[in-house]
Structures are given as C-alpha cells and as structure tokens.
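Colleague: Got a predicted structure plus its sequence, pasted below:
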Amino acid sequence: MAKKVIINGGGWAGCAAALAARQAGAEVELFERTDMLLGTGLVGGIIRNNGRFSATEELIAMGGGKLFQIADQVARHKNVEFPGHKHVSLYDVAKIEPAVKKALLEAGVKIHLCARVKDIEKDGDTITTLIAEHYTEKKEIKGVGDSFVDASGTAGPQGNCTKYGNGCVMCIFRCPTFGPRMSIAGKAGITELIGKKPDGSIGAMSGSCKLLKDSLSKEIVEQLDTTGVAIIPIPKHLQKGEASLTQKACQQYALAEFNDNIILLDTGHAKLMTAYYPLAILRQIPGFEEARYEDPYAGGIGNSMRYVGMSPRNNALHVDGLANVFCGGEKAGLLVGHTEAIITGTLAGHNAARAAFGQDPIILPTSLACGDAIAFVKESMQTEEGMTKKYTFSGSVYFERMKRLNLYTTDIKEIKDRVEEAGMTNVFKS
C-alpha cells in the first residue's frame with residue numbers, strides 16, 4: 001500500500017526532504033506558500049566553503065547529495081577564496097530554482113505553490129492532514145499523509161521583524177504578499193524554541209544583502225565577473241563598527257575584515273556580506289555612488305529576523321511530542337546555512353518515509369560531521385549560553401569543533417572511506 005509524506009515548506013530543507021522521501025519510496029506532496037521554491041536559496045549562493053565541503057561530500061557519499069550536484073552544475077564560480085573562507089562555490093541565484101523544481105518534478109514530487117498551510121487536523125499526537133489555502137485561486141487544498149516534515153523556517157511574519165528588528169524589510173520571504181509561515185508543530189501545540197543574540201535579545205538578523213550589479217562601477221562588476229569576489233576598503237569614518245557584526249545569524253562572517261571592507265560575492269546579484277548598510281553611507285564609498293538594493297529592499301536599514309520558532313527534536317529529527325512529524329532546516333535548531341538545511345532536510349525526509357512504512361528512523365553517527373553537528377547543536381541548545389550562539393560547518397563554534405575532531409578535510413576519498421566505515425554509504429538510496 002502506498003505511503004505518503006507531506007512537506008510543509010519549499011525551502012532548501014523542504015526540497016531536500018521531498019527528494020529523500022521519494023527516494024525512500026514514499027509518495028510526496030510539498031506545500032510552499034510563495035510562488036517559487038528555495039526560500040533564502042533564491043538570494044543565497046554560497047556552498048562548499050570551509051567545513052561545508054566535508055559535509056557536502058559526506059551527504060553525496062550517503063546517497064543524498066542531488067541538490068548539491070545541481071548547485072555545482074549552475075555555479076558561477078568555483079574554488080573562490082574570501083576572508084575566512086576557502087574553496088567556495090557560488091551558484092547562480094537565477095538558475096538554481098528552475099533546476100531544483102525540475103528535479104523534484106522528475107522525481108515525482110507533487111508541488112503546491114502559492115499554498116500557505118493555515119491549519120492541521122490531528123488524532124491525538126498524530127497529525128493526519130494539512131489544510132492550505134491557495135493564494136490566487138482562493139481554494140482550500142488538503143494534504144493527507146502518513147507522516148509530515150515541518151520545514152517552514154523560522155523567519156517572519158512581519159510582526160517579528162518589527163518587534164525584534166528594524167521593521168519589515170521587504171525581503172525574499174514576501175510575508176506581505178503570501179502571508180506568514182505556519183509551523184505545523186506549533187499549530188499542534190508544541191512549544192517552540194526561540195534563539196537569542198549574544199546580548200540576550202531575541203532572534204538573529206540575516207547576514208547579507210544583495211545589490212543590483214548594474215548599479216555598481218564597471219571596475220567592481222568586472223572584478224566580480226572575473227574572480228567572483230570584490231573587496232573594497234571602507235574609509236574609517238564610514239565603517240559601522242564591529243558591534244554590528246554580532247547582530248548576524250551568520251557568525252562565520254563576524255570577522256574584522258567584514259567591518260573594514262565591503263566584501264562582495266558574485267551570485268548573479270552582488271552579494272554584500274553584511275546584514276545591512278545605510279544607503280546614504282554606502283553611496284559615499286567609491287564605486288557605490290549609484291548602488292541599489294535587490295534584496296531586501298530595505299537593506300539600508302535592516303534585514304529579516306530569524307530563529308524565532310524552532311522545534312524541539314531528537315537526533316533523528318523527530319519532533320518531540322508528535323508521533324509522525326520530523327523537522328529540517330532552521331526548524332531543526334540553530335544551524336545556519338543552505339548546506340545545513342539540505343542535510344537536515346534530507347535526514348528528516350528519509351526518516352519521515354521510514355516512519356510512514358513502519359520502520360525505525362536512522363540517526364547519523366557522530367563519526368561523521370553531519371551527524372556530529374545535529375547532535376552537538378541539540379546538546380548545546382539545552383543551555384542558556386548555547387541558545388545565544390549559531391552553528392555552521394563554515395565557521396565560528398562548530399567549524400572549530402570540526403577541526404578539533406579531524407572531521408574537516410577536502411580529501412574526497414578520505415570522506416568516502418569515513419562514510420563507508422560508518423556503514424552509511426548510500427543509506428539514503430535504500
């Protein structure tokens with residue numbers, strides 16, 4: 001008898017979960033409230049930097065790396081370096097979403113776009129149905145499933161950005177148009193976890209902005225097109241101050257170089273590696289006299305606030321208190337980045353399929369960076385201090401741990417051997 005997995009959210013984690021559940025033999029329906037997949041992946045672009053290289057190759061060896069392979073195929077630049085980061089790939093933000101959507105459709109995933117989940121039906125601790133409203137057709141769509149993945153993210157609605165940030169910044173989440181995200185775990189009565197900044201205030205600000213490349217000087221554009229990176233010193237009197245670096249979710253970029261320089265990466269947009277930069281000041285820096293923000297449109301005053309709604313979960317990414325719900329991406333905890341979302345989404349989708357078929361979930365061993373990160377973040381989030389930090393394979397707290405544990409390497413054979421030794425080769429293809 002066919003078993004069905006329902007995915008709430010079509011960002012990196014939701015797309016990864018959908019592919020993993022399909023690969024494990026389940027039927028899959030994915031509900032995404034906007035008109036495009038990938039969420040922050042639409043304006044992201046950075047993969048394989050630092051320890052993300054090791055984690056990426058682990059997932060590929062485990063049979064779950066389809067999305068990384070797509071990102072590699074649409075990369076604008078490979079093996080790039082910028083302050084604090086090596087062997088970086090920058091994918092094209094214009095090409096990535098159609099390529100991912102095509103892969104999901106070819107895999108047999110049924111995709112509902114413009115379908116914001118607004119309610120659930122449940123039987124005891126088991127969710128049975130998602131209820132969504134189609135934005136343009138004004139009709140109700142129901143997703144009846146055996147198990148569910150909550151990959152709805154932790155950003156939005158507008159009120160959170162106003163309360164904890166500098167107001168709605170008109171970002172890629174597009175809450176004013178498509179409505180706020182809805183956590184199915186939260187709707188089912190599970191108390192969600194709220195991350196904090198080091199000063200104790202709630203949430204964390206997205207870590208980069210995107211500038212229209214054509215609004216920059218020809219010299220900067222040529223440098224971006226040629227090398228993928230442009231580093232422009234900021235006159236001392238125009239620097240924002242290093243205190244601004246602590247606001248960011250992406251603590252791997254909280255380095256002095258990101259205060260002293262404008263650091264741009266070529267992802268199709270000119271990706272500005274700061275949470276925001278006042279436009280009147282930015283335009284005083286040579287080469288930026290006509291600069292214009294692409295995302296968020298209010299990038300001169302702020303950015304989106306995240307990590308205000310995470311699910312309590314175990315290391316199989318099963319949500320505590322619900323029998324048949326798993327979580328991926330930012331819902332799974334204070335893990336930052338596309339790579340991290342793809343990995344957690346893949347495990348959540350695979351385990352959701354296993355649950356649908358009546359099998360026990362798998363837990364990735366801590367001998368692998370992927371498994372160690374999931375376990376370490378859960379453990380760290382048990383403390384007040386741990387809730388003020390952010391974790392990523394590419395820097396800050398967790399990358400230092402990777403190096404101490406000898407989990408960071410760019411030797412692909414060594415990574416494959418490690419996965420084989422852990423008994424995890426092609427585990428996601430079974």
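Modeller: In hand now; what should we look at? Numbers count the residues shown, from 1 in each chain.
Colleague: does residue 105 sit in a helix, a strand or a coil?
Modeller: Remark: residue 105 carries the secondary structure label helix [criterion: DSSP: H, G, I helix; E, B strand; the rest coil].
Colleague: Hmm, it is touching residue 113, no?
Modeller: No: at 11.6 Å, residue 105 and residue 113 do not qualify as touching, with contact defined as Cβ atoms under 8 Å. (Each C-beta comes from the backbone N, C-alpha and C, glycine too.)
Colleague: of those two, who's got more company?
Modeller: Counting neighbours by other Cβ atoms under 10 Å for residue 105 and for residue 113 shows that residue 113 has the greater number, 18 against 11.
Colleague: Where does pLDDT dip in the stretch 251-400 of the chain?
Modeller: Filtered on pLDDT under 70, the stretch 251-400 of the chain yields the residue ranges 251-255.
Colleague: which stretches of it form strands?
Modeller: If DSSP state E, counting those that start in this stretch is used as the criterion, the strands of the stretch 251-400 of the chain fall at 261-266, 270-272, 293-295, 305-306, 325-327.
Colleague: Residues contacting the last one, please?
Modeller: With contacts defined as Cβ atoms under 8 Å, 6 or more residues apart in numbering, strand 325-327 is touched by 17, 127, 147-151, 184-185, 188, 311, 313, 316-319, 344, 348-349, 351-352, 355, 361.
Colleague: Next: stretch 284-302.
Modeller: Contact with stretch 284-302 is made by 43, 161, 165-172, 205-206, 209-212, 215-217, 219-220, 232, 234-235, 238, 262, 269, 272, 275-280, 282-283, 303-304, as judged by Cβ under 8 Å, 6+ apart.
Colleague: one more time with 6 Å
Modeller: For stretch 284-302, the surrounding residues in contact (Cβ atoms under 6 Å, 6 or more residues apart in numbering) are 43, 165-166, 169-172, 209-212, 215, 217, 220, 238, 269, 276, 278-279, 282-283, 303.
Colleague: I only care about those residues that end up buried; give me the PyMOL line for that.
Modeller: To isolate the buried ones among the contacts of stretch 284-302 in PyMOL, judged by 16 or more other Cβ atoms under 10 Å, type:
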select buried, resi 43+165+166+169+170+171+172+209+210+211+215+217+220+269+276+279+282+303
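Colleague: Mark which of the contacts of stretch 284-302 are part of helices, please.
Modeller: Cross-referencing those against helices under DSSP state H gives 220, 279, 282.
Colleague: Report how many residues lie close to residue 201.
Modeller: 12.
Colleague: and what of residue 193?
Modeller: Look at residue 193: counted by other Cβ under 10 Å, it has 18 neighbours.
Colleague: okay, it: pLDDT?
Modeller: In the predicted model, residue 193 carries a pLDDT score of 95.
Colleague: I'd say it and residue 309 touch.
Modeller: No: the pair residue 193 and residue 309 fails to qualify as a contact (Cβ atoms under 6 Å) at a distance of 7.8 Å.
Colleague: distance between the ends of stretch 59-69?
Modeller: Start and end residues of stretch 59-69 are separated by 11 Å (Cα to Cα, to the nearest Å).
Colleague: now stretch 65-83
Modeller: Distance between the boundary residues of stretch 65-83 (Cα to Cα) amounts to 27 Å.
Colleague: average pLDDT for it?
Modeller: pLDDT averaged over stretch 65-83 gives 97.
Colleague: how about that stretch: buried residues?
Modeller: Taking 16+ other Cβ under 10 Å as the basis for neighbour counts, the residues of stretch 65-83 that come out buried are 65-68, 70-72, 74-77, 80, 82.
Colleague: Could you dump those into CSV and include secondary structure and distance to residue 201?
Modeller: Output for these, formatted as CSV (DSSP: H, G, I helix; E, B strand; the rest coil; distance: Cβ to Cβ, whole Å):
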residue, secondary structure, distance to residue 201
65, coil, 37
66, helix, 38
67, helix, 33
68, helix, 34
70, helix, 37
71, helix, 33
72, helix, 38
74, coil, 37
75, strand, 36
76, strand, 36
77, strand, 36
80, strand, 33
82, strand, 29
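Colleague: Identify the farthest-apart pair in the residues you listed.
Modeller: Greatest spatial distance among the buried residues of stretch 65-83 (Cβ to Cβ): 66 and 82, at 27.1 Å.
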